[in-house]
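> A structural model of the following input is requested.
(one chain, ligands or ions: 2)
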Amino acid sequence: MKNSIYILGIESSCDDTSASVICNKKVLSNVVANQEVHSKYGGVVPELASRAHQQNIVPVVQQALIEAKINKNQLNAIAFTKGPGLMGSLLVGTSFAKSLALGLNIPLIAVNHMQAHILAHFIKEENTNTPPFPFICLTISGGHTQIVRINDYFDMEILGETIDDAVGEAFDKSAKILGLPYPGGPLIDKYAQLGNQKAFSFSKPKVGDLDFSFSGLKTAILYFIQKKEKENPNFIKENLYDICASIQYTIVEILIDKLKNAVKKTGITHVAIAGGVSANSEIRKRLLYAQKHWGWTTYIPKFEYTTDNAAMIAISGYFKYINDLHADVSVTAQARLKVNE
Ligand code: KG4
Ligand code: ZN
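Ligands and ions are numbered 1, 2, ... in the order given. Okay, the predicted model is just below:
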């Protein structure tokens, strides 16, 4: 095997166009172009997302190669997100990756986006530990909320998941009720740090041991705000920080309760978080607490590997490459794909 393996990763599953070059397990570049176009619509507009990917993909890949200081002829393989995600968005990355792999005559590697969020923990970074198998990962994003048992790089088992909304949606929809722009999760996090977590209370949903439900919470928040605004039209403005802190506290309590159940049920104390919502300061704080007081060993990704990025696709591609798990050129994008597929 060659000493230096260069993999180009391409991510285009939702509204971020990203390209990354890694050498073995080290990230040389990770370029992400966010699509501002969606914020005024309060959510991702699929048609606009695929058009923006089409515009961004060539310059983003070029930039990733420039920052990595390598020539495209040095690449060993092209890894791309096969799914899950928005079909129109996935098709842009899939077609581009196929053409480039064919043009360079190098292997094409199809990556599952949900596996990639988890495998981001294996990127080699200073001062970070990689989890040993088996470990548990709470994958929390705008489209998914699940607790996964990871037995090996590509052997993953869903222990529990949401039966309705994803946790990122709970953050974003709550933010929308408060009149905040999309995506509201980071803003709720920012304002929550200035408020009182116990100011308002929202009841937690009752679902199976390791499953989640967030649609009831969203409705409870909506009714609560409507009622309070009737009494005081300035209620949101006057209490924004406390409302955000209370919503965030409730959501993170739900997540931590489920993680505790998973640790109890499996006896596995190596616990990771992944996905866009793992950027949240409260969940990060609570995991550090669990490490200190409950005997867990926790794995918290660097901020740049939490929300959608191509470095996680490239590292997944690396593990597939060294195991000869190449894709055929007839491979197609898949809007729906489970973490164990
Ligand atoms: O993983 P991701 O970038 O895209 C999907 O695959 O869905 O996750 C995006 C989600 C959005 O819902 C966004 O509001 C949420 O992650 N998010 C956060 C924070 N940063 C991003 N939610 C809460 N607190 C944050 N700091
Ligand atoms: Zn994602």
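> ligand 2 contacts on the protein?
Contacts of the chain with ligand 2, taken as CB under 5 Å from the ion, map to 141, 308. Just so you know, the C-beta spots here come from the backbone N, C-alpha and C atoms, and that holds for glycine as well.
> center of the chain - which residue?
The centre of the chain sits closest to residue 275, judged by CA atoms, centre = their mean, with a distance of 2.3 Å.
> mind checking pLDDT for the residue nearest to that one when sequence neighbours are not counted?
Excluding the flanking residues, the one nearest residue 275 by CB to CB, 6 or more residues apart in numbering is residue 141, at 3.5 Å. Residue 141 is assigned 94 on the pLDDT scale.
> residue 141 and residue 273 touch, don't they?
No. Applying CB atoms under 8 Å, one finds residue 141 not in contact with residue 273, separated by 10.7 Å.
> who has more neighbours out of these two?
residue 273 (27 against 24; other CB atoms under 10 Å).
> need the residues that contact the host helix or strand of that one.
Using DSSP states H and E, residue 273 falls within strand 270-274. For strand 270-274, contacts defined as CB atoms under 8 Å, 6 or more residues apart in numbering pick out 117-118, 120-121, 131-132, 134-140, 259, 263, 283-284, 287, 290, 296-301, 306.
> residues contacting the residue nearest to the centre of the chain?
Residue 275 touches 117, 139-141, 144, 168, 306, counting by CB under 8 Å, 6+ apart.
> please redo it, this time with the cut-off set to 6 Å
Contact partners of residue 275, counting by CB atoms under 6 Å, 6 or more residues apart in numbering, are 117, 139-141.
> please apply the same query to residue 96.
By CB under 6 Å, 6+ apart, the residues touching residue 96 are residue 57.
> ligand 1 contacts on the stretch 201-341 of the chain?
With CB under 6 Å from any ligand atom as the criterion, the stretch 201-341 of the chain meets ligand 1 at residues 275-277, 279-280, 307-308.
> repeat that for the stretch 51-200 of the chain.
The stretch 51-200 of the chain has residues 141-143, 168, 171-172, 183, 185-186, 189 near ligand 1, with proximity defined as CB under 6 Å from any ligand atom.
> ok, which pair from the residues you listed is furthest apart?
By the measure CB to CB, 143 and 189 form the most distant pair in these, at 18.5 Å.
> buried among the contacts of strand 270-274? Make that a PyMOL selection.
Only the buried members of those enter the following PyMOL selection, criterion being 16 or more other CB atoms under 10 Å:
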select buried, resi 117+118+120+121+131+134+135+136+137+138+139+140+259+263+283+284+287+290+296+298+299+300+301+306
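> among the contacts of strand 270-274, name the ones in strands.
Among these, DSSP state E puts 135-140, 297-299 in strands.
> the residue nearest to residue 275 reaches residue 278, doesn't it?
No. Using CB atoms under 6 Å as the test, residue 141 is too far from residue 278 to be in contact (8.3 Å).
> show me where pLDDT drops low in this structure?
Along the chain, segments meeting pLDDT under 70 span 1-2.
> so where do the strands sit in it?
Along the chain, counting by DSSP E, strands occupy 6-11, 16-23, 26-34, 77-83, 108-112, 135-140, 145-152, 155-161, 270-274, 297-299.
> contacts (any at all) between ligand 1 and the first one?
In other words, strand 6-11. No. Counting by CB under 6 Å from any ligand atom, ligand 1 has no neighbours in strand 6-11; the shortest distance is 9.6 Å.
> nearest to ligand 2, of the contacts of residue 275?
Ligand 2 has its nearest neighbour among those in residue 141, at 4.3 Å by CB to the ion.
> which residues sit in contact with that closest one?
168, 275-276.
> can you give me phi and psi for it?
With angles defined as degrees, to the nearest 10, residue 141 sits at phi -140, psi -170.
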